[in-house]
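Chemist: How does the following fold in three dimensions:
(chains A and B)
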Protein chains: 2
Amino acid sequence: MAETTKTVGVIGGLGPLATLDFFDRVLKRTRAVKEQEHLRLIIDNNTKIPDRNAFMRGEGPSPGPALAASAKGLEVAGAEVIVMACNTTHIWEAEIRAAISVPFLSIIDETAAAVADLRPEAVGVLAVDACLKGGLYQDALKKAGVKPLLLSEDSQKTFMDLIYRIKSGDTGDTVKRAMVTLARRLEAQGAEAIIAGCTEIPIVLSVDDIDGELVSSTDVLVERTILFAGAQLW
Amino acid sequence: MAETTKTVGVIGGLGPLATLDFFDRVLKRTRAVKEQEHLRLIIDNNTKIPDRNAFMRGEGPSPGPALAASAKGLEVAGAEVIVMACNTTHIWEAEIRAAISVPFLSIIDETAAAVADLRPEAVGVLAVDACLKGGLYQDALKKAGVKPLLLSEDSQKTFMDLIYRIKSGDTGDTVKRAMVTLARRLEAQGAEAIIAGCTEIPIVLSVDDIDGELVSSTDVLVERTILFAGAQLW
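Modeler: Here you go, the predicted model:
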């Protein structure tokens, strides 16, 4: 089995801690005893990709070309499937797909499919401004017949502050508690499940923190990546 | 500063947990607040490189060509300096250097230099069979005028067992305690410092566990990599 798995290219650095977290979770979930049974991953922790939220505010260059170049570099280095350990940058999915000739697994599509399996009426979406502005989860959920619930404008501002704090390395109790509060507000609005639609979220929020289901986009992508590459899950 | 740092290529997967640990330590030691201030790292978690210890026992193919190909792939993907998050594979350093046209930072040379700065008479070396058979640390220490002390044959067998357990993901208390016992045996032989000369070791052994200095080859490489790439340390 180990000899026939696909090499996975990971566009990362969006931010670095989320990439480390993705890598960690892939290692933990892959059914492997020997080193050689683990997947070969080529990870581009590309911290030089322009700020997505700034671009969506009209305050900086598009991250599209840098993301496409990163995907192409991974393919040239040997990747046979590309994934991206970030939700928001899927706004540029078409630009990335156009640059490569290997398959691309979308964290949005895979997460929306995992949510649809739960058959909820309404789902809370925790995602950054740019991701929401791009309508990524709203569109995918509506297609699946699920109503997306979003944070109020004020709560969304708090959420953005938390994400930037996690990106800078602050994963302490204050940040954790504030994130739980936001998730519970979505539950109070009627969310039967919460999508952790940003790879920084599962670093501080776990399913035990809320009443309903937590669908971590990171965990969904980890599982689908391992299976797609031909390895097995623990 | 952030805009002018070098992209670092990391040959990893030797094993995967040591690569994750190296990545984690680079993020923690880099003086960065914003995502964009972190280094761009391209990590080849290449778990398909042939077993080094098996090759040195005459029981498998040379890892040299796969290591050289990995280094070349990282350069093609954009790496401006190459490092390897593994000590033993530095046996094939010449083969790797011959495949690339960017600088290569040696974990052995950097660690031996860090040890020489402590001016000890004798230093204990914890390293796997293949690394010892290749004489990597013995040669580098003798050149620096430091006497290398090695484990007895029996203790070395225990050490190898521990390394394979860590590589398979077992980093529990039993493994930790057994590693401390081995380090303390080297201290009893007169070692004023211990070289953690395998990137699996710092996952279970820290300086607080022993009497003298612990020189972690991982930490040395992390520091030298960050500085060489043009970023700063916390």
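Chemist: which SSE is A:I43 in?
Modeler: strand A:41-45 (DSSP states H and E).
Chemist: got the buried residues for the lowest-mean-pLDDT helix or strand in chain A?
Modeler: Within chain A, confidence by mean pLDDT, DSSP states H and E is lowest for helix A:52-56 among all helices and strands, at a mean of 88. By neighbour count on 16 or more other C-beta atoms under 10 Å in any protein chain shown, the buried set for helix A:52-56 is A:R52, A:N53, A:F55, A:M56. Yep, even glycine has a C-beta here, placed from its N, CA and C like the rest.
Chemist: now the helices: where do they sit in chain A?
Modeler: A:16-29, A:52-56, A:64-77, A:93-99, A:107-116, A:129-133, A:136-143, A:153-167, A:173-188, A:217-228 (DSSP state H).
Chemist: quick one, which of those helices is nearest to B:L227?
Modeler: Nearest to B:L227, of all the helices of chain A, is helix A:16-29, at 18.1 Å by C-beta to C-beta.
Chemist: In that closest one, which residues are buried?
Modeler: A:16-27, A:29.
Chemist: Output the residues you listed in a markdown table, with distance to B:C131 and pLDDT appended to each entry.
Modeler: Below are these laid out as a markdown table (distance: C-beta to C-beta, whole Å; pLDDT from 0 to 100):
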| residue | distance to B:C131 | pLDDT |
| --- | --- | --- |
| A:P16 | 30 | 95 |
| A:L17 | 31 | 92 |
| A:A18 | 34 | 93 |
| A:T19 | 29 | 97 |
| A:L20 | 27 | 97 |
| A:D21 | 31 | 95 |
| A:F22 | 30 | 97 |
| A:F23 | 25 | 98 |
| A:D24 | 26 | 97 |
| A:R25 | 30 | 97 |
| A:V26 | 27 | 98 |
| A:L27 | 23 | 96 |
| A:R29 | 30 | 97 |
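Chemist: among those, which are within reach of chain B?
Modeler: A:P16, A:L17, A:L20, A:F23, A:D24, A:L27 (C-beta under 8 Å from any C-beta of the partner chain).
Chemist: Read off the pLDDT value for the closest residue to A:K147 other than its chain neighbours.
Modeler: Nearest residue to A:K147 in three dimensions, chain neighbours excluded: A:A122, at 4.3 Å (C-beta to C-beta, 6 or more residues apart in numbering or on different chains). At A:A122, the model reports a pLDDT of 95.
Chemist: ok, now which ones touch A:A122?
Modeler: If a contact means C-beta atoms under 8 Å, 6 or more residues apart in numbering or on different chains, then A:A122 has A:V146, A:K147, A:P148, A:L149, A:Q189, A:G190, A:A191, A:E192 as its contacts.
Chemist: Can you pull the residues of chain A lying near chain B?
Modeler: So far as C-beta under 8 Å from any C-beta goes, chain A lies against chain B at A:2-3, A:13-17, A:20, A:23-24, A:27-28, A:32-48, A:51, A:73-74, A:76-78, A:167-169.
Chemist: ok, back up a step: looking at the buried residues of helix A:16-29, spot the one nearest A:V128.
Modeler: Looking across the buried residues of helix A:16-29 and measuring by C-beta to C-beta, the closest to A:V128 is A:A18, at 11.6 Å.
Chemist: mind listing what that closest one touches?
Modeler: A:G12, A:A85, A:C86, A:K167, A:T199, A:E200, A:I203, A:T218.
Chemist: and these as a markdown table, adding distance to B:T158 and pLDDT?
Modeler: Rendered in a markdown table, the data for the contacts of A:A18 read as follows (distance: C-beta to C-beta, whole Å; pLDDT from 0 to 100):
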| residue | distance to B:T158 | pLDDT |
| --- | --- | --- |
| A:G12 | 37 | 97 |
| A:A85 | 38 | 93 |
| A:C86 | 43 | 95 |
| A:K167 | 42 | 83 |
| A:T199 | 40 | 90 |
| A:E200 | 41 | 91 |
| A:I203 | 36 | 92 |
| A:T218 | 37 | 95 |
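Chemist: and of those residues, the nearest to chain B?
Modeler: Distance to chain B across those (C-beta to the nearest C-beta) is lowest for A:K167, with 5.0 Å.
Chemist: Not counting sequence-adjacent ones, nearest residue to that closest one?
Modeler: Nearest residue to A:K167, sequence neighbours excluded (C-beta to C-beta, 6+ apart): A:G15, at 4.1 Å.
Chemist: What distance do you get for that neighbour to A:G169?
Modeler: Using C-beta to C-beta, to the nearest Å, we find A:G15 at a distance of 9 Å from A:G169.
Chemist: Those two: who's more crowded?
Modeler: A:G15 (27 against 18; other C-beta atoms under 10 Å in any protein chain shown).
Chemist: Would you list the phi and psi of the more buried one?
Modeler: phi -100, psi -180 (degrees, to the nearest 10).
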